[in-house]
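>>> I would like the atomic coordinates for the input below:
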Amino acid sequence: MPTSFLGSALRGTFFFIFGLWWSVRYPLKYLRQKGNAESRPSHGAQRVEIFEGAVKAFFALAGILVEQFVPAGPHLQLYSTKTHGWTDLAHWHYTTMYLFFLLSGIGDIVSHCRLKLPLGLDRLSLSVALFTEGLLFCFYDYGDALLDHHLHSLLAMAVFSGAFCALLEVFLRDHIILETFRTSSFLLQGSWFWQIGFVLSPPWGGPGWDQTDRSNFTFLTMCFCWHYVGTLAVLAANSAASRCCNESCQLRFQDVDVELDCGICRRGNKSSNSALLPESTLDDK
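As a prediction, this is how the structure comes out:
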C-alpha cells in the first residue's frame, strides 16, 4: 500500500487525539458517577457527546478532502477513461475509511439531540466504522510488499478489538472497563499509524525498511507490543491525574460548603441572641 509519512501521521493524529480525550473523560465520568448516588445522564454530558461527534465529523471530513485533493490525489475521479482502469485506489481506500467515521460523527450528534433516537446508535455507528476500517486493511492487495502487509495486519488487530468493544457498549452502556479498552485501541491505532509512516516512508527521505528481511517482521511484532505498553502507561497516568483532579475539586467544594454553613450558623446565632435579649425602653433609662 503506497503510504506517505504525512498521510500516515494525519491518520495517527486523528485516532490519538480521541484516545487522549477519552483517557481523561471516562475516568472523570466514572469517579463522578461513583460519588453520586443518582447517576443520570445530564444535559452537560449530552452536549459533550454532541461536541465530540461534531469534532469527529469535522476531522473525518478534513481527512476526506486531504485524501482526494492532494496534488497526487484522484480529485474525486474513481475510473479513468483514458487508461480504462481505477484511479489511485489507495487514496480511495482511506477516503472510504474516513467516510464511515464521518457517518459515526453524525450518528453521535443525532443520537443525543432532540430526535430521541436510540442511545446505542452512537456506539453502533462507531463499531460499524471500525469494522469497515479493519475490513479495508484485511482485503487490500499488498502484492509483494510483505512488510507492509504485516504492519497493517497488526493494525487490524487493534481495529477489530475496538470494533468488538464498541459493539458490546451498545448493550453495556457506560461500562468503564469497555470504555477503557476502547480508548486503548484508539491510542494504539494512533501510535501505530505513526510507526507505519516511519517504517514505510521515513520523513528524512530515502527508502523504507527492507520488505524481505524477516528480522524486521520479528522486531515490528515486538514493537507493536511495546506500543501497547506505552498505551497502558498513558491510560494509567491520565487516570491518576483525573483522580487527583476530582479529589481536589471535591475538597474545594467541601471547603466552600463548610464556610457557607459557618456563615449560616453565625447569622443564626446572632438572630437567636437578639431574640433572647429584652428590648430597651425609655422607662429603663
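>>> Could you pull out the buried residues of the helix or strand where Gly19 lies?
Taking DSSP states H and E as the definition, Gly19 sits inside helix 5-35. Buried residues in helix 5-35, defined by neighbour count with 16 or more other Cβ atoms under 10 Å: 5, 7-12, 14-23, 25-31, 33. Every residue, glycine included, has its C-beta placed from N, CA and C.
>>> do stretch 143-155 as well
Of all the residues in stretch 143-155, those buried under the rule 16+ other Cβ under 10 Å are 145, 147-152, 154-155.
>>> where in the stretch 1-150 of the chain is pLDDT low?
By pLDDT under 70, the weakly predicted segments of the stretch 1-150 of the chain are 1-2, 35, 37-42.
>>> how about a cut-off of 50?
Along the stretch 1-150 of the chain, the parts satisfying pLDDT under 50 run over 38.
>>> where exactly do the helices run in it?
Taking DSSP state H, counting those that start in this stretch as the test, the helices found in the stretch 1-150 of the chain are 5-35, 43-69, 89-111, 121-138, 146-169.
>>> Nearest approach to Trp192 belongs to which of those helices?
helix 146-169 (5.3 Å; Cβ to Cβ).
>>> on contacts alone, who are the packing partners of the helix or strand just after that closest one?
Next helix or strand after helix 146-169 toward the C-terminus (DSSP H and E): helix 176-200. Judged by 3 or more Cβ pairs under 8 Å, 6 or more residues apart in numbering; DSSP states H and E, helix 176-200 is in contact with helix 5-35, helix 146-169, helix 214-276.
>>> TSV for these, including distance to Arg123?
What follows is those, written out as TSV (distance: least, Cβ to Cβ, whole Å):
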stretch	distance to Arg123
helix 5-35	13
helix 146-169	4
helix 214-276	20
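>>> Apart from its neighbours in sequence, what residue is nearest Leu235?
Ser23 (5.3 Å; Cβ to Cβ, 6 or more residues apart in numbering).
>>> Verify the stated contact: that neighbour with Leu232.
No - using Cβ atoms under 8 Å, Ser23 is not in contact with Leu232; the gap is 10.5 Å.
>>> tell me the mean pLDDT over stretch 215-223?
Taken as a whole, stretch 215-223 has an average pLDDT of 96.
>>> buried ones in stretch 221-238?
224, 227-228, 231, 234-235, 238.
>>> closest one to Lys82 among the helices and strands packed on helix 176-200?
helix 5-35 (25.3 Å).
>>> any idea how far that closest one is from the chain center?
Computed by Cα atoms, centre = their mean, to the nearest Å, the chain-centroid distance of helix 5-35 equals 4 Å.
>>> Who are the packing partners of it?
helix 43-69, helix 89-111, helix 176-200, helix 214-276.
>>> possible to save those as JSON lines with distance to Cys165?
Formatted as JSON lines, the helices and strands packed on helix 5-35 follow (distance: least, Cβ to Cβ, whole Å):
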{"stretch": "helix 43-69", "distance to Cys165": "17"}
{"stretch": "helix 89-111", "distance to Cys165": "14"}
{"stretch": "helix 176-200", "distance to Cys165": "4"}
{"stretch": "helix 214-276", "distance to Cys165": "14"}
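>>> Among those, which comes closest to Glu169?
Among the helices and strands packed on helix 5-35, helix 176-200 sits nearest to Glu169 (Cβ to Cβ), with 5.2 Å.
>>> what angle do that closest one and helix 146-169 make?
If you take axes from the mean of the first three to the mean of the last three Cα atoms, to 10 degrees, helix 176-200 sits at 160 degrees to helix 146-169.
>>> Understood, closing this out.
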